[in-house]
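Enquirer: model this:
(chains A and B)
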Amino acid sequence: MFSKKMLIVVVLIVLFFFNMTILNVTSKRDTASPTWAGRVFIYVVDPFQRAAIHSIRFVRSIWEDYFYLVTVAKENKRLRSELGRCDEQINRYREMEHFNTRLREFLRFKKQTNSEVLTAEVISKDASAWYKTIMIDKGLRDGVEKGAPVVVPQGIAGQVIDAMEKTSKVLLVIDRNSAVDGLVQRTRARGIVKGDAYGSCIFQYALRKEDIKPEDIIVSSGMDGIYPKGLRLGVVADVQNIRSGIFQEVRVVPFVDFEKLEEVLVVMHTPEEILEDLPVEPAGEDPFKR
Amino acid sequence: MTYLVYIPIAIVLIVMQTVVLPVLFFAERSYDLMIILVLFLGFYRPGTESLPVVLVAGILSDSFSGGPFGLCTTTYFWLFVGVKMLIPLFHADSWLVLFVGILSGVVLEHGTVWLALTMRRTPWHLSAESFRTAVFQIVWALLTGPFVFHMIKGFVGVWDIWFKKRFGSSLDLDEV
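Expert: Model (predicted):
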């Protein structure tokens, strides 16, 4: 009655409508819950999916960790470099801060003096360990003259012993060749402050009868015609009264820390003038507390 | 015994479809890999042997799909029927036929989705994004589908050789 082809066509048409009906029904369901057969398939395939995802994640984690480590190493290198730059910058800022502080002290000191002063930077120190001199970056063309006193806000640093075109050599008060006419601020006892080449000074020629005690402040007397009067030199560390002599031996620790000398002031004119309102207390650290 | 070869293939394809591709590449723009298996069955395997596999593959895909149940089964079934009806007219090993088959499969699945959405009376329109997705799937299927097809064919061929040595009979890939 029907040919085979006709039968196939009829079956397919029936199947098509059946399929559309099923699809229509399932399409209108809110949830796409699988049938029991679907659940079985999910149950069967689930281990493979887990194995696959774990394998992929494992491989990916190794891969990513490797790249992560490479990235971290690169970042570490970059951060170290950046840290180095930051340290350098912080150091520069600290230096500027210290420089600023020193300049402020210099400025304050300048205002307190009647003399004209010139700020100079220490460019080198004595090559020999036996002498205490420094080189400053100001010379004849800046108006620096031989014999000009060199001071810092903490006190007297020394005097110019050689002025060149652009630089000058300064003999520090701690050099054994240096001598400054000084007096004890409290008792006005006079003497000569000489360097002992060991970082401190000796207050010489102070008569035994003079009342000198430790922690007395020694200032310049202005009588030597070099240093202005009243500039601080140092503080008395200890006093030795030698019975046989007429003088007492006084060791003086300078206020100026010569190891840290970076900028100085060169007093331009002969200091006949008197420094006014100089601070009695040390502006810097107390040498005894160092 | 012949189903033993298709079940692992179907599982591998569904795992690739649901796990590997979404993790490694892309999920929403990947075409249905099971279409390639259906095409292979339509091209090379007899209907009586393939039809259960097609239906199982459809149910398998439907089980892992969020769409209406039967959507994939419908697609695979009618794709398989279409191929079976048309393949006697063409050469099964032709690349052009393979491309057309892949293209038809992807388009048919999109059509079935559209049909299901229409039946549900879901407000739906062809947006630019869905159009891009469809085009991407078609292009991606045309580019990679033939490789998947020949991988399946190769695997079945290897299985055939092994099966023939072991049990003395083969799947006979030339059988249509």
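
Enquirer: Give the closest residue to the residue of chain B found nearest chain A in space, chain neighbours not counted.
Expert: As assessed by CB to the nearest CB, chain A sits closest to B:Ser63 within chain B, at 3.4 Å. (C-beta placed from N, C-alpha, C; glycine too.) Sequence neighbours aside, A:Gly38 is the residue nearest to B:Ser63 in space, at 3.4 Å (criterion: CB to CB, 6 or more residues apart in numbering or on different chains).

Enquirer: isn't the residue of chain B closest to chain A right up against A:Phe41?
Expert: Yes. At 4.7 Å, B:Ser63 counts as touching A:Phe41 under the criterion of CB atoms under 8 Å.

Enquirer: can you tell me which residues contact the residue of the stretch 1-150 of chain A found nearest chain B?
Expert: Closest residue of the stretch 1-150 of chain A to chain B, CB to the nearest CB: A:Gly38 (3.4 Å). Residues in contact with A:Gly38, defined by CB atoms under 8 Å, 6 or more residues apart in numbering or on different chains, are B:59-60, B:62-63, B:69.

Enquirer: tell me which element residue 67 falls in.
Expert: No chain specified, so I'll use chain A. In the assignment (DSSP states H and E), A:Phe67 maps to helix A:36-112.

Enquirer: that answer is for a different chain, and I need it for chain B
Expert: Judged by DSSP H and E, B:Gly67 forms part of no helix or strand.

Enquirer: what about it, how many residues close to it?
Expert: 16 (other CB atoms under 10 Å in any protein chain shown).

Enquirer: where's the most centrally placed residue in chain B, which helix or strand?
Expert: The C-alpha lying nearest the average C-alpha coordinate of chain B belongs to B:Ile35 (CA atoms, centre = their mean; 1.3 Å). Using DSSP H and E, B:Ile35 maps to helix B:34-44.

Enquirer: tell me the SS of A:Val122?
Expert: Assigned with DSSP: H, G, I helix; E, B strand; the rest coil, A:Val122 falls in the strand class.

Enquirer: Repeat that for A:Asp162.
Expert: Assignment for A:Asp162 (three-state DSSP): strand.

Enquirer: In space, what's closest to it - neighbours in sequence excluded?
Expert: In space, and not counting its chain neighbours, A:Asp162 is closest to A:Lys169: 4.1 Å by CB to CB, 6+ apart.

Enquirer: Please enumerate the strands of chain B.
Expert: Applying DSSP state E to chain B gives no strands.

Enquirer: Return the residues of it in contact with chain A.
Expert: B:11-12, B:14-15, B:18-20, B:23-24, B:56, B:59-60, B:62-71, B:74, B:77-78, B:81, B:112, B:115-117, B:119-120 (CB under 8 Å from any CB of the partner chain).

Enquirer: Helix B:34-44 and the longest helix along chain B, what's the angle between them?
Expert: Scanning chain B for the helix with the most residues, using DSSP state H, yields helix B:128-167. Using axes from the mean of the first three to the mean of the last three CA atoms, to 10 degrees, the inter-axis angle of helix B:128-167 relative to helix B:34-44 is 50 degrees.

Enquirer: Does anything pack onto helix B:128-167? Which helices or strands?
Expert: Packed against helix B:128-167, as judged by 3 or more CB pairs under 8 Å, 6 or more residues apart in numbering or on different chains; DSSP states H and E, are the following elements: helix B:3-15, helix B:34-44, helix B:95-120.

Enquirer: For those helices, give me CSV that also has mean pLDDT and distance to A:Tyr205.
Expert: Listed next are the helices and strands packed on helix B:128-167 as CSV, based on pLDDT from 0 to 100; distance: least, CB to CB, whole Å:
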stretch, mean pLDDT, distance to A:Tyr205
helix B:3-15, 84, 105
helix B:34-44, 91, 114
helix B:95-120, 86, 113
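
Enquirer: Buried deepest among the ones you listed, which one?
Expert: Burial of these is given as mean neighbour count (mean count of other CB atoms under 10 Å in any protein chain shown); helix B:34-44 ranks first at a mean of 25.

Enquirer: what's the angle between it and helix B:95-120?
Expert: In terms of direction (the same axes, to 10 degrees), helix B:34-44 departs from helix B:95-120 by 130 degrees.

Enquirer: Show the secondary-structure elements that helix B:34-44 is packed against.
Expert: Against helix B:34-44 (3+ CB pairs under 8 Å, 6+ apart) you get helix B:3-15, helix B:47-63, helix B:71-86, helix B:95-120, helix B:128-167.

Enquirer: now the last one against helix B:3-15, angle please.
Expert: Here helix B:128-167 points in a direction 150 degrees away from that of helix B:3-15 (the same axes, to 10 degrees).

Enquirer: tell me which parts of chain A are close to chain B?
Expert: Residues of chain A lying near chain B by CB under 8 Å from any CB: A:12, A:15-16, A:19, A:22-24, A:26-29, A:32-35, A:37-39, A:41-42, A:44-45, A:48-49, A:52-53, A:56-57, A:60.

Enquirer: May I see the ChimeraX selection of the buried members of the residues you listed?
Expert: Selection of buried members from those for ChimeraX, criterion 16 or more other CB atoms under 10 Å in any protein chain shown:
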select /A:19,23,24,26,27,32,34,38,41,45,48,49,52,53
